[in-house]
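> Return a 3D structure for these sequence lines:
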Amino acid sequence: MTTITKPSTRKAWANAISQPAQEFPLTPLSIIAGKIPAGLRGTLYRNGPARLERGGEKVGHWFDGDGAILGVNFSDNGATGIYRYVQTAGYLEESKAGKYLYGNYGMTAPGPFWNQWFRSVKNSANTSVLALPDKLLALWEGGKPHALDLETLQTQGLDDLSGLGENLTFSAHPKCDAKTGEIFNFGVSIGKNSTLNIYQSDSTGKIRRKSSCPVDGVPLIHDFVMAGKYLIFFIPPVRVNLLPTLFGKSYSDVMEWKPQLGTQVLVFDRTTLSLVSKSEAEPWYQWHFSNGYVDNNGEIAIDFFRYQDFQTNQRLKQLPSGEIQLPAKSTLWQVRLDPETGKVKSSEELLDRDGEFPIVPQENVGEFSRYTFMSLHGKNSDTTREIYSTIARFDHQTNTLQEANLGENHYPVEPIYAPDSLHPHQGWVLTVVYDGNNNQSEVWVFDSERLDDEPVCKLGLPSVVPMGFHGTWKAG
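Take a look at the predicted model:
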């Protein structure tokens, strides 16, 4: 009898997530190629789901993995790295039990469906980081942040930032004003009709002002925009149907795409946190904004990666299996709106390339930025089954794209811009690259003006760091 073996369709990136990531202590990093720039001084922090399996069971969605923080410090003595799981209460309990105990975004608590009535959703602390003067916050939009030591990454516990109290959440995409030091963020309180809570914090993270605004149903709001004196929220037409969650469905499974609702546009004054205007635009979905600013005509310009529907959620649900079979194209768009009415005045696709994770230099957040950095699919990639395989820079003055050539089976994460400490008009772009040919992770440093050149430096990491979500740069 002949057994026919079906050829594997797994791509090289799948090996990066096939096993839980291994922590490593503070370790000097070897230079694989090039040299560390003299003006690159500070620390790169990155967060992402590092454990997608426990006790032989896969998580239900990429968003469910336990968060781990990578810290890479650049000093006059070279580079050091450290990688540690965030020691959340749920992580510690499940590590002791050797199995999953809690529900999450894409999974429910094990056992009878009524278990999830009594067990809270686990705070995975896996989405982003916020570097404050005396601590690092590991962010997850469904709960409070976890505070960590900036150097050792030791988890210090949940932090309510002197203002969240028992019930408020702190989302994963705060906006920091480089000039004033102010930090803005939000959280959503879930109910039959939900509440959007907005926070203004000082440079230490302490919440100084709060406001709230009712929103229809239970929406999915992942990110927002700071533009000049405004904070803008685009609420896409996704609504959570809470009833099925009472009978064993996960939150991811009960999110409904309702294009008839359109995209809700809310504009707030960033000083008073009061609602300025509210309107409706055509339906689309977005995870991430690049930036926003007020132009010379008083209009707000907002750049973001736009999807035509919510299939991206199902695509990301497939990722932990190591095989993706759904496309979900997102391209870079710009909308302009009137802040006094919230009405969209124009909408334009800037770049017809499938990508995500857009960022601008921190000094430009809320103001015009000539450049947007991003992750993209390679030109000849199988965009249904592959993940992003290059990073790029879009020039808003010339409408041109400059992209890196990382080579086959190399997978970068979101690029992070780091200003040069010696030359203020020079900068570097850092990304963590998984080398699928050799099953190893590396830190690559590019000249921000020459992304299409070879990296100026490559550093080896002691263990594989799975592709994650978001990071930040802390100068020092």
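> what residues does the helix or strand harbouring residue 267 touch?
Under the criterion of DSSP states H and E, residue 267 resides in strand 263-269. Defining contact as C-beta atoms under 8 Å, 6 or more residues apart in numbering, one finds that strand 263-269 is touched by 196, 198, 211, 213, 215-216, 219, 229-237, 274-284, 300, 337, 339, 342-344. In this view, the C-beta of every residue, glycine as well, is placed from N, C-alpha and C.
> and what of stretch 362-372?
175-178, 226-228, 290-293, 295, 301, 303, 332, 358-361, 393-397, 417, 419, 448, 473.
> What of stretch 104-122?
Under C-beta under 8 Å, 6+ apart, the answer for stretch 104-122 is 59-64, 88, 90-91, 94, 99-103, 124, 142-143, 245-253, 317.
> Weed out the non-buried ones from those residues.
59-64, 88, 90-91, 94, 100-103, 124, 142-143, 245, 249-253, 317 (16 or more other C-beta atoms under 10 Å).
> In helices, which of those residues appear?
90, 91, 94, 317 (DSSP state H).
> For beta bridges, what are the partners of residue 67?
residue 49 (DSSP bridges).
> Please shift the residue numbers so they start at 195 in all later answers.
Let's use 195 as the start, then, which means that last one is residue 261.
> what's the offset of stretch 663-670 from the middle of its chain?
12 Å (C-alpha atoms, centre = their mean, to the nearest Å).
> sorry, that was for stretch 590-604
20 Å.
> quick one: terminal-to-terminal distance for it?
End-to-end distance of stretch 590-604 (C-alpha to C-alpha, to the nearest Å): 27 Å.
> Repeat that for stretch 499-508.
Stretch 499-508 stretches 17 Å from its first residue to its last (C-alpha to C-alpha).
> And stretch 456-472, what's buried?
Those would be 456, 457, 458, 459, 460, 461, 462, 464, 467, 470, 471, 472, for stretch 456-472 by 16+ other C-beta under 10 Å.
> Now those residues in TSV, please, with extra columns for pLDDT and distance to residue 278.
Below are the buried residues of stretch 456-472 laid out as TSV (pLDDT from 0 to 100; distance: C-beta to C-beta, whole Å):
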residue	pLDDT	distance to residue 278
456	98	43
457	98	39
458	98	39
459	98	40
460	98	37
461	98	40
462	98	36
464	98	34
467	98	35
470	98	42
471	98	44
472	98	43
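> Same list (those) but as CSV, adding distance to residue 276.
Converted to CSV, the buried residues of stretch 456-472 look like this (distance: C-beta to C-beta, whole Å):
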residue, distance to residue 276
456, 46
457, 41
458, 42
459, 42
460, 40
461, 41
462, 38
464, 35
467, 37
470, 43
471, 46
472, 45
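> Run a quick neighbour tally on residue 646.
Residue 646: 14 surrounding residues under other C-beta atoms under 10 Å.
> How about the one 5 residues further on?
Counted with other C-beta under 10 Å, residues neighbouring residue 651 total 22.
> tell me which residues form a beta bridge with it?
Beta-bridge partners, per DSSP bridges, of residue 651: residue 228, residue 639.
> and residue 524, backbone torsions?
phi -130, psi 140 (degrees, to the nearest 10).
> circling back: show me the two of the ones in helices among the buried ones among the contacts of stretch 298-316 that sit farthest apart.
With C-beta to C-beta as the measure, no two of those lie farther apart than 285 and 511, at 21.4 Å.
> Can you give the distance of the helix or strand harbouring residue 566 from its chain's centre?
Residue 566 is part of strand 565-570 when elements are defined by DSSP H and E. Distance, stretch centre to chain centre, for strand 565-570: 14 Å (C-alpha atoms, centre = their mean).
> can you give me the mean pLDDT across that strand?
In this model, strand 565-570 carries a mean pLDDT of 98.
> Quick check: next helix or strand after it?
Next along from strand 565-570, by DSSP H and E: strand 584-589.
> contact partners of that next one?
For strand 584-589, using C-beta under 8 Å, 6+ apart, the contacting residues are 526, 544-545, 547, 549, 564-572, 594-600, 606, 609, 623, 625, 640, 642, 645.
> same for whatever helix or strand comes next after it, what does it pack against?
Next helix or strand after strand 584-589 toward the C-terminus (DSSP H and E): strand 594-597. Counting contacts by 3 or more C-beta pairs under 8 Å, 6 or more residues apart in numbering; DSSP states H and E, strand 594-597 packs against strand 584-589.
> Run me through the strand neighbours of the strand it packs on, direction for each.
Strand 584-589 is paired, per DSSP bridges, with strand 565-570 (antiparallel), strand 594-597 (antiparallel).
> which one of the ones you listed is the most hemmed in?
With neighbours defined by mean count of other C-beta atoms under 10 Å, none of those is more surrounded on average than strand 565-570, at a mean of 25.
> Model confidence for residue 199, exactly?
49.
> now the one 3 residues further on
pLDDT, the model's per-residue confidence, is 63 for residue 202.
> what are the ranges of the helices in this protein?
Under DSSP H, the chain gives helices at 283-291, 309-312, 505-512.
> what's the most buried one of those helices?
Most buried among the helices of the chain, given mean count of other C-beta under 10 Å as the contact rule, is helix 505-512, at a mean of 19.
> Show me what it is packed against.
Helix 505-512 packs on no helix or strand, going by 3+ C-beta pairs under 8 Å, 6+ apart.
> What lies in contact with that helix?
Residues outside helix 505-512 that contact it (C-beta under 8 Å, 6+ apart) are 254-257, 300, 446, 449, 479, 481, 518-522, 524.
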